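A.B. asks: mind looking at a prediction? Sequence and model below.
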Amino acid sequence: MKKFNSGYQVSQETHKSFQPDKINRKWTLTSIEIINLLSKADRQLGRLDMYSEYIPNIDLFISMHVLKEATQSSKIEGTKTNIEEALQDKSDVSEEKRNDWEEVQNYIEALDTAIKELDKLPFSSRLIKKTHKILLQGVRGKHKVPGEFRTSQNWIGGASILDAVFIPSVDKEVNDLMSDLEKFAHNDAIQFPELLKIALIHYQFETIHPFLDGNGRVGRLMITLYLVEKGILKKPILYLSDFFERNKNLYYLNLTKVREQNDIEQWFKFFLVGVIETAKSSIDTFDKILKLQKEVDEKLQKLGSRTKNARTVIGYLYQKPIINANKVKEITHISMPSAYKLITELEKLEILEEITGGQRSKQYWFNTYINIFK
């Protein structure tokens, strides 16, 4: 990697674009520091992956991981929707926040769909395009050719291309570069650690910037897709956007250092530290969920004949920790008066908390669970 060359500047009429070197080639790992970080990252991922095997109904909790990832990845791009707002229905979100809310919902749908598509479609340009199309449906960027690679020049930063911070390659090179990226992802002849492969793929994707909009969100989403497809994780339970958002300046700085100084090693270190910290954080989250499950179940046993219906409600809340009386009635098949009684009992047990303050259309939060993800 000491001989790594990121690419070169190409003079255009009014600017210089950056042409990245292709990555589908032999790589040699020589840095002991990166090897040590890689070992730590592999251990933490192995620990995290065990949770997908022994936590019952882990899919219940993945939806909240996805929701947090959606809010954090979108936050990097400037949206301001938090977890509580993302959980609400569109009609309950204030008018000025609905555009941001819709972007977060699109991210959730795009990731969910992409994970399901992996059963029949490999990690590929085709999958990336399908994911991008969902991401931009009906929101900012909807007119920027969702689901298709760009056929015009784009740029990052600046009011125009003349004062841009970074100008990716010309559009006619995009398909060739993305084809190279895809080949690298599936080239088993290249003996290179999978975590470093996806770190390199993420860097290369952001450098190619193949879409007119939404590149950052798609690029971060690709990390989880890759880890699942390669069998490194059995379930989509690792998301790096929170780490990238908390270290946003370093994230952009390290990507820039690769392009300007050929410093791919520093990017690998940053990425692996992100994997290690995020895996540890996810393990801690699952430990807290298991502890909460036990505490809640002990409380529910005090409800006698209502325990069964209460457990049904709690099962729903682990997927979406906001509920109202109509939803309680729907999922438990009890009368509306019984639904209100059950909610009252769950409030007394400090499991639910009413947050609207109104007499009608009351909403109730499972706050102890929400706070685990904040």
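C.D. replies: Structure received.

A.B. asks: give the residue spans of the stretch 201-350 of the chain that score low on pLDDT.
C.D. replies: When residues are selected by pLDDT under 70, none of them lie in the stretch 201-350 of the chain.

A.B. asks: for it, which segments count as helices?
C.D. replies: 215-229, 241-246, 248-261, 264-300, 307-319, 325-332, 336-348 (DSSP state H, counting those that start in this stretch).

A.B. asks: adding mean neighbour count and distance to residue 91, write the ones you listed out as TSV.
C.D. replies: C-beta coordinates here come from the backbone N, C-alpha and C atoms, glycine included. Output for these, formatted as TSV (neighbours: other CB atoms under 10 Å; distance: least, CB to CB, whole Å):
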stretch	mean neighbour count	distance to residue 91
helix 215-229	23	25
helix 241-246	20	27
helix 248-261	16	32
helix 264-300	18	29
helix 307-319	18	20
helix 325-332	17	14
helix 336-348	16	21
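
A.B. asks: ok, which of the ones you listed comes nearest residue 11?
C.D. replies: helix 248-261 (16.4 Å; CB to CB).

A.B. asks: what angle sits between that closest one and helix 264-300?
C.D. replies: 160 degrees (axes from the mean of the first three to the mean of the last three CA atoms, to 10 degrees).

A.B. asks: other SSEs contacting helix 248-261?
C.D. replies: If you count contacts as 3 or more CB pairs under 8 Å, 6 or more residues apart in numbering; DSSP states H and E, helix 248-261 packs onto helix 194-208, helix 264-300.

A.B. asks: swap in 10 Å and give it another go.
C.D. replies: strand 7-11, strand 16-20, helix 58-76, helix 194-208, helix 215-229, helix 241-246, helix 264-300 (3 or more CB pairs under 10 Å, 6 or more residues apart in numbering; DSSP states H and E).

A.B. asks: chain center to the first one, what's the gap?
C.D. replies: On the basis of CA atoms, centre = their mean, to the nearest Å, the separation between the geometric centre of strand 7-11 and that of its chain is 32 Å.

A.B. asks: check which residues of that strand are buried.
C.D. replies: residue 7 (16 or more other CB atoms under 10 Å).

A.B. asks: adding distance to residue 334, write the helices and strands packed on helix 248-261 out as TSV.
C.D. replies: Below are those laid out as TSV (distance: least, CB to CB, whole Å):
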stretch	distance to residue 334
strand 7-11	63
strand 16-20	60
helix 58-76	22
helix 194-208	48
helix 215-229	38
helix 241-246	38
helix 264-300	16
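
A.B. asks: closest one to residue 162 among the ones you listed?
C.D. replies: So among the helices and strands packed on helix 248-261, strand 16-20 is nearest, using CB to CB, at 11.3 Å.

A.B. asks: re the thing from before, in JSON lines, list the helices of the stretch 201-350 of the chain along with distance to residue 26.
C.D. replies: What follows is the helices of the stretch 201-350 of the chain, written out as JSON lines (distance: least, CB to CB, whole Å):
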{"stretch": "helix 215-229", "distance to residue 26": "20"}
{"stretch": "helix 241-246", "distance to residue 26": "29"}
{"stretch": "helix 248-261", "distance to residue 26": "19"}
{"stretch": "helix 264-300", "distance to residue 26": "14"}
{"stretch": "helix 307-319", "distance to residue 26": "45"}
{"stretch": "helix 325-332", "distance to residue 26": "55"}
{"stretch": "helix 336-348", "distance to residue 26": "59"}
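
A.B. asks: between the ones you listed, which one is closest to residue 372.
C.D. replies: Closest among the helices of the stretch 201-350 of the chain, using CB to CB: helix 264-300, at 4.9 Å.

A.B. asks: what angle do the closest one and helix 215-229 make?
C.D. replies: 70 degrees.

A.B. asks: and the angle from helix 264-300 to helix 58-76?
C.D. replies: Using the same axes, to 10 degrees: helix 264-300 against helix 58-76 is 130 degrees.

A.B. asks: how far is helix 264-300 from where the chain is centred?
C.D. replies: 14 Å.

A.B. asks: ok, now stretch 321-335?
C.D. replies: Distance, centroid of stretch 321-335 to centroid of chain: 29 Å (CA atoms, centre = their mean).

A.B. asks: what of stretch 263-272?
C.D. replies: With CA atoms, centre = their mean, you get 20 Å for stretch 263-272.

A.B. asks: just stretch 337-345 next, same as before
C.D. replies: That offset, for stretch 337-345, works out to 36 Å (CA atoms, centre = their mean).

A.B. asks: which residues sit against it?
C.D. replies: With contacts defined as CB atoms under 10 Å, 6 or more residues apart in numbering, stretch 337-345 is touched by 299-300, 302-304, 306-307, 309-310, 312-313, 323-332, 334-335, 351-352, 354, 362, 364.

A.B. asks: now with 7 Å, please.
C.D. replies: 303, 306, 309, 310, 313, 325, 328, 329, 332, 352, 364 (CB atoms under 7 Å, 6 or more residues apart in numbering).

A.B. asks: residue 87: which of the residues you listed is nearest?
C.D. replies: Closest to residue 87, out of all of the contacts of stretch 337-345 and judged by CB to CB, is residue 364, at 11.7 Å.

A.B. asks: for residue 356, see how far away that closest one is.
C.D. replies: For residue 364, the distance to residue 356 (CB to CB, to the nearest Å) stands at 9 Å.

A.B. asks: between the two, who's got more neighbours?
C.D. replies: In this view residue 364 and residue 356 are compared by other CB atoms under 10 Å, and residue 364 has more residues nearby, 23 against 13.

A.B. asks: excluding chain neighbours, what is closest to the more buried one?
C.D. replies: In space, and not counting its chain neighbours, residue 364 is closest to residue 352: 4.2 Å by CB to CB, 6 or more residues apart in numbering.

A.B. asks: residue 227 now?
C.D. replies: In space, residue 227 is closest to residue 233, 4.7 Å off (CB to CB, 6+ apart).
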